[in-house]
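> Quick one, fold the following:
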Amino acid sequence: MRTGPTILVVDDDARLAATLKEFLAREGYQVEVAQSGAEALAIHAANPRISLALVDLIMPLMDGLTLTDELRRRDPDIAVIVMTGYGTIETAIEAIKKGAEDYITKPFDYEAVRKKIARLMEVMELREHVAQLEGHLQRHECFENITAVSPAMEKVLERARLAAATDASVLIVGETGTGKEMLARAIHQASPRGRMPFVPVNSGALPRELVESELFGFRRGAFTGAYSDAPGIFLAASGGTVFLDEIGEMPKDVQVKLLRVLQEGEVRPVGSTKSVHVDVRVISATNRSLNELRSTLLREDLYFRIATVVLQVPPLRARQEDILVLSQHFAARLTRRYGREISLSRTALELLLAYSFPGNVRELESLIESAAALSADAPQVITEKDLKPLLSPTQIAPSPAMNHPVSIEQMERLTIQQALRMADGNRTKAASLLGISRDTLYRKLRQYQS
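Below you'll find the predicted structure:
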């Protein structure tokens, strides 16, 4: 027996409907039978797997044309084949104009019925496959705003894409400024919840006495100043995602109530005796170590609930390819913003590669923007002299990630190779990943091939 789409047979002739059901069952299909339009609509509403309906045109109360119209209104993707006698073929053609896919005539030529249904099923499977591919591409595109080509980040992004397809709780671990919220947004946008709200919450910034009411809402009169009901963050994000940044800063008494949300799918507003159902996904983030989070900062039962999938974002100093790519990306973005060409010199790039970036990607972006803002040159080339006053002198040293010195040319060549691999050889896409024009990429490829 097939486990795919179900066929709905609608005919007021019980004997004919039973015969047709028996035939289709022998062909391996799941079959539902209705003897009126009203019964057909009820069965369709209760069974989301119905993708094809065989509808008799001549029925009392609700005829086949009306039923076809209503089925298509409720489910635009459903396929309809109308069943008709030889004397009503014109009516069958009218049904096709209203959205039916085809018609079959009575008495049935079962070989013709078999072929028509098989053809329609193939078309529907193809449509579903195309929809899945489009969905995959859309989910993939959600991560393209994250500029990274290093193998370390590629692994993180691949795990994030897989997590996005599920509803599992995700914990993102990384230093301040590594882009944890950006990654959380990409996971949300690539998930089935992507069209619903994404609500970020800084757990450490909420006043301790207001954490519970902010997260779970409150009822009028629950405390001084509660002049009306408030839904709270979880209800406001219903159907979507709540992003709990700095989860380790959440008070232990509130953690108990958060655990209830994750376990039971319900919240109890402050001042209420009743719980309210809520449907949200939780993505959390922390700049603390997993060991500290689990042993000290969080209840162990809550830790296991939020850490179904753990994504550890490496610091920028551990992925030097991304320093080059991000520097070019930020310079290109400032070029568009200021309307003048902005780039970085070789000495500037060498200095950035030797810097340990305690503030990670956020610090790199700020450095380049500061250097650009302090000049009106057009074009402007940011040099080592422009950047050095903006850096912390104690952080300028060879990166521990680099065991052997690598020249700018070698690093750039490796970065381009990685970008091309990530783009499956598509040079336009690789140039976009690198934050450079396609002409610049072609020029560099010719340079390295010579």
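
> what's stretch 251-263 in contact with?
169, 208, 211-212, 215-216, 234, 250, 266-268, 278, 280, 282, 298-299, 301-302, 305-306 (Cβ atoms under 8 Å, 6 or more residues apart in numbering). To be clear about C-beta, it is placed using only N, CA and C from the backbone, and glycine gets the same treatment.

> quick one: average confidence on stretch 34-43?
This predicted structure assigns stretch 34-43 an average pLDDT of 91.

> nope, stretch 332-352 is what I meant
Computed over stretch 332-352, the average pLDDT equals 89.

> Flag every buried residue along it.
Within stretch 332-352, the residues that qualify as buried are 332-335, 342-344, 347-349, 351-352, counting by 16 or more other Cβ atoms under 10 Å.

> Then stretch 220-234?
222, 230-234.

> okay, how far is it across that stretch, tip to tip?
The distance separating the two terminal residues of stretch 220-234, taken as Cα to Cα, to the nearest Å, comes to 18 Å.

> Stretch 223-238 spans what distance, first to last residue?
From its first residue to its last, stretch 223-238 covers 25 Å (Cα to Cα).

> okay but Ala163 is in contact with Ser169, surely?
No: counting by Cβ atoms under 8 Å, no contact exists between Ala163 and Ser169, whose distance comes to 9.4 Å.

> between those two, what contacts are shared?
With Cβ under 8 Å, 6+ apart, Ala163 and Ser169 have common neighbours Val309.

> Quick check on the two: which one has the bigger neighbour count.
Just comparing Ala163 and Ser169: by other Cβ atoms under 10 Å the higher neighbour count belongs to Ala163, 21 against 18.

> tell me the SS of that one?
Assigned with DSSP: H, G, I helix; E, B strand; the rest coil, Ala163 falls in the helix class.

> burial count for the closest residue in space to it that isn't next to it in sequence?
Among residues not flanking Ala163 along the chain, Val309 sits closest, at 4.5 Å (Cβ to Cβ, 6 or more residues apart in numbering). By the criterion of other Cβ under 10 Å, Val309 has 18 neighbours.

> Return the members of the contacts of stretch 251-263 classed as buried.
The buried subset of these (16+ other Cβ under 10 Å) comprises 169, 211-212, 215-216, 234, 250, 267-268, 278, 280, 282, 298, 302, 305-306.

> Going by distance to Leu420, which of the residues you listed wins?
Leu420 has its nearest neighbour among the buried ones among the contacts of stretch 251-263 in Ser169, at 35.1 Å by Cβ to Cβ.

> What pLDDT is listed against that closest one?
At Ser169, pLDDT is 95.

> isn't it right up against Val282?
Yes: counting by Cβ under 8 Å, Ser169 touches Val282, with 5.1 Å between them.
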